[in-house]
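In: Here is my input, please return the structure:
(4 chains)
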Number of protein chains: 2
Amino acid sequence: MSDPNIPKLSTTHQPVTCENCNLDNLCIPKGLDRQEIGELALLVSRNNIRQKGEAIYHAGSPFRGMVALRSGSAKLVSFDQAGNELVVGFMLPGEIMGFDGLATQLHTCTAIALETINYCHLPAHKVEQFESSMPSLSHILLQRSCDELDAQVQKMLLSRRSAEERVASFILNVSERLRVRGYSELEFRLSMSREEIGNHLGIAHETVSRIFHLFQSRNLIEVKSKQFRIVDKKELFNFYTTYSLNSPK
Amino acid sequence: MSDPNIPKLSTTHQPVTCENCNLDNLCIPKGLDRQEIGELALLVSRNNIRQKGEAIYHAGSPFRGMVALRSGSAKLVSFDQAGNELVVGFMLPGEIMGFDGLATQLHTCTAIALETINYCHLPAHKVEQFESSMPSLSHILLQRSCDELDAQVQKMLLSRRSAEERVASFILNVSERLRVRGYSELEFRLSMSREEIGNHLGIAHETVSRIFHLFQSRNLIEVKSKQFRIVDKKELFNFYTTYSLNSPK
DNA sequence: AAGATTTCTTGACCTAGCTCAAGTTTCTAG
DNA sequence: CTAGAAACTTGAGCTAGGTCAAGAAATCTT
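Out: The predicted structure is shown next:
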């Protein structure tokens, strides 16, 4: 259960706040100065826990504030009229959720823990209060939400690619996000199911399985259940870009 | 050229500013109070013109500010490594562009006029200046960018549907956006090509043609070149939702 | 207004990846 | 530790929609 690749959240027994959190360079504080971080720390509720499968917030429920994942991963899902689930995205530690409720004050997505998670919560009413005294916060949130928009465009670009390219890109994307967060970029555990990966990428879970098998047979990766190892990152990347070079024009 | 369905931009000879613009309920001013709109009006450069095919900004170029379309329509495109174009979205009058450059200060998309357009420009440095004196602006922009995120989730949901459903949904989406903006919702001109529609929806342009033909043969719409008329909105909507009800589970 | 170019339409064929099915492995709860 | 459930794998067709092609219509240019 205790994975050597996962950095410890806190090494001392002193309680973690935004000031000494090791995710400060990824989370909301990124871009705030020391004093602002101190003010932010006072507003944030820490050490919220959810078990695997439990929701952090539900589609349709009122927006209560922003959520910053501290450990564990989650999925963001939306539903169509028939109740079919669409996996909008996966969230890793240091990443921020809640933008789907900000525009209308009602969440359009449900956030679900993929394993036991620990998260911080920045209540909506305190956001507003903080905003008037410290305009930087809405600016930071604006930046983050535009980051999300950029990521969405990347996903749209990906949706024009073959199933193989999508899977290769997915693996590299997770790897890079883990690397930035201080985890091992070449060996990790993906807590989401093949079904969830396929749903997110717009392909059948059987296809995901087949492609993992294909990549393994070509010595690009090693997969054992949910445990992944990237063997040939360069080739995996080539695999994923080569096709588009064959594209017309 | 002068379409009776298109509301006149200004009926008097007094120059249009944010205070008396008929798009104030859709554009940036939405959510600002009278005094704030007045301040905003001082920062905005008006009556910028682009001809069909000309760019408003380019992917990779530095962010210079937000753009609000006043008349005419535009497309937002992104490119993959091979230079293939992806139509990220279409913009109608009163809609705001530029979020794709806000996070990194470099545009990830190119904005191109689909016909002669007139737009307002809110320069980036003035945005910042305005933000510190009037925190509401970044809040407004945050809202708008989260609106965009919501729209992106809708597009993701759509990408799981059949080609027919995508086209039906596209027509209804444009119709609704035109309605909100005071244009006729049942009869309009779509200035984008079949190619651009197909690209945006993730289907071949031949498929777009075939489906327009199918819809016309079923008396749901009338299409003549770029001119559209929705004949049976209810049925078109049913067409688009029926399938998902057949979905599993 | 004629020619050139682009866009649109329609047909015929083809394939990536979906669906269905059945066996296997992994996880979960007592 | 064991039984049952859930997740995963692998195979075999099948089909939605892509690609290619060629003609028609619309649009642009001079």
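In: Counting neighbours, what do you get for the nearest residue to A:Ile197 once chain neighbours are set aside?
Out: When the adjacent residues along the chain are set aside, A:Ile197 lies closest to A:Val208, with 5.2 Å between them (CB to CB, 6 or more residues apart in numbering or on different chains). In short, each C-beta sits where N, CA and C put it, glycine included. Close neighbours of A:Val208, defined as other CB atoms under 10 Å in any protein chain shown, add up to 23.
In: Please export the C-alpha coordinates of the helix or strand hosting A:Val208 as PDB.
Out: Taking DSSP states H and E as the definition, one finds A:Val208 inside helix A:205-217. Only the C-alpha atoms of helix A:205-217 are listed here, as PDB (Å, rounded to 0.1, in the frame of the first residue of the first chain):
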ATOM      1  CA  HIS A 205     -12.500  -0.400 -22.800                       C
ATOM      2  CA  GLU A 206     -11.700  -3.500 -25.000                       C
ATOM      3  CA  THR A 207      -9.700  -1.200 -27.300                       C
ATOM      4  CA  VAL A 208      -7.700   0.200 -24.300                       C
ATOM      5  CA  SER A 209      -6.800  -3.300 -23.300                       C
ATOM      6  CA  ARG A 210      -5.800  -4.300 -26.800                       C
ATOM      7  CA  ILE A 211      -3.600  -1.200 -27.100                       C
ATOM      8  CA  PHE A 212      -1.900  -1.700 -23.700                       C
ATOM      9  CA  HIS A 213      -1.100  -5.200 -24.900                       C
ATOM     10  CA  LEU A 214       0.200  -3.900 -28.300                       C
ATOM     11  CA  PHE A 215       2.400  -1.400 -26.600                       C
ATOM     12  CA  GLN A 216       3.700  -4.000 -24.200                       C
ATOM     13  CA  SER A 217       4.500  -6.400 -27.100                       C
END
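In: what number of residues lie near the residue nearest to A:Thr17 when sequence neighbours are not counted?
Out: Counting by CB to CB, 6+ apart, A:Ala41 is the residue found nearest to A:Thr17 once chain neighbours are left out, at 4.4 Å. Around A:Ala41 sit 18 other residues, with neighbours defined as other CB under 10 Å.
In: Which other helices and strands does the host helix or strand of A:Ala41 contact?
Out: Under the criterion DSSP H and E, the helix or strand holding A:Ala41 is helix A:34-43. Under the contact criterion of 3 or more CB pairs under 8 Å, 6 or more residues apart in numbering or on different chains; DSSP states H and E, the helices and strands touching helix A:34-43 comprise strand A:117-123, helix A:124-133, helix A:136-158.
In: Please repeat the previous calculation with a cut-off of 7 Å.
Out: With contacts defined as 3 or more CB pairs under 7 Å, 6 or more residues apart in numbering or on different chains; DSSP states H and E, the secondary structure elements packing on helix A:34-43 are helix A:124-133.
In: What are the contacting residues of the helix it packs on?
Out: A:39, A:43, A:63-66, A:137-138, B:135, B:139 (CB atoms under 7 Å, 6 or more residues apart in numbering or on different chains).
In: just the CA coordinates of it, formatted as PDB?
Out: Taking C-alpha atoms only, helix A:124-133 is exported to PDB below (Å, rounded to 0.1, in the frame of the first residue of the first chain):
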ATOM      1  CA  ALA A 124     -17.000  30.100  -2.000                       C
ATOM      2  CA  HIS A 125     -18.100  32.900   0.400                       C
ATOM      3  CA  LYS A 126     -14.500  33.200   1.600                       C
ATOM      4  CA  VAL A 127     -13.300  33.400  -2.000                       C
ATOM      5  CA  GLU A 128     -15.500  36.500  -2.500                       C
ATOM      6  CA  GLN A 129     -14.400  38.000   0.700                       C
ATOM      7  CA  PHE A 130     -10.700  37.400  -0.200                       C
ATOM      8  CA  GLU A 131     -11.300  38.700  -3.700                       C
ATOM      9  CA  SER A 132     -12.300  42.200  -2.600                       C
ATOM     10  CA  SER A 133      -9.400  42.500  -0.200                       C
END
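In: and chain A, which of its residues are near chain B?
Out: Taking CB under 7 Å from any CB of the partner chain as the test, the list of chain A residues beside chain B reads A:78, A:80-82, A:84, A:86, A:88, A:99-100, A:102-103, A:108-109, A:131-132, A:135, A:138-139, A:141-143, A:145-150, A:152-153, A:156-157, A:159-160, A:202, A:241, A:244-245, A:247.
In: could I get the helix holding A:Ala41 in CSV with only the CA atoms?
Out: Only the C-alpha atoms of helix A:34-43 are listed here, as CSV (Å, rounded to 0.1, in the frame of the first residue of the first chain):
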residue,chain,number,x,y,z
ARG,A,34,4.2,35.2,0.9
GLN,A,35,1.7,37.5,2.6
GLU,A,36,-1.1,36.5,0.3
ILE,A,37,-0.4,32.8,0.9
GLY,A,38,-0.7,33.5,4.6
GLU,A,39,-4.1,35.0,4.2
LEU,A,40,-5.2,32.2,1.9
ALA,A,41,-4.1,29.6,4.5
LEU,A,42,-6.5,31.1,7.0
LEU,A,43,-9.5,30.5,4.7
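In: what residues does it touch?
Out: With contact meaning CB under 7 Å, 6+ apart, helix A:34-43 is reached by A:17-19, A:24, A:28-29, A:32, A:122, A:126, A:130, A:134, A:136.
In: quick revisit: between the contacts of helix A:124-133, which sits nearest A:Gly94?
Out: Using CB to CB, A:Met66 comes nearest to A:Gly94 of the contacts of helix A:124-133, at 13.1 Å.
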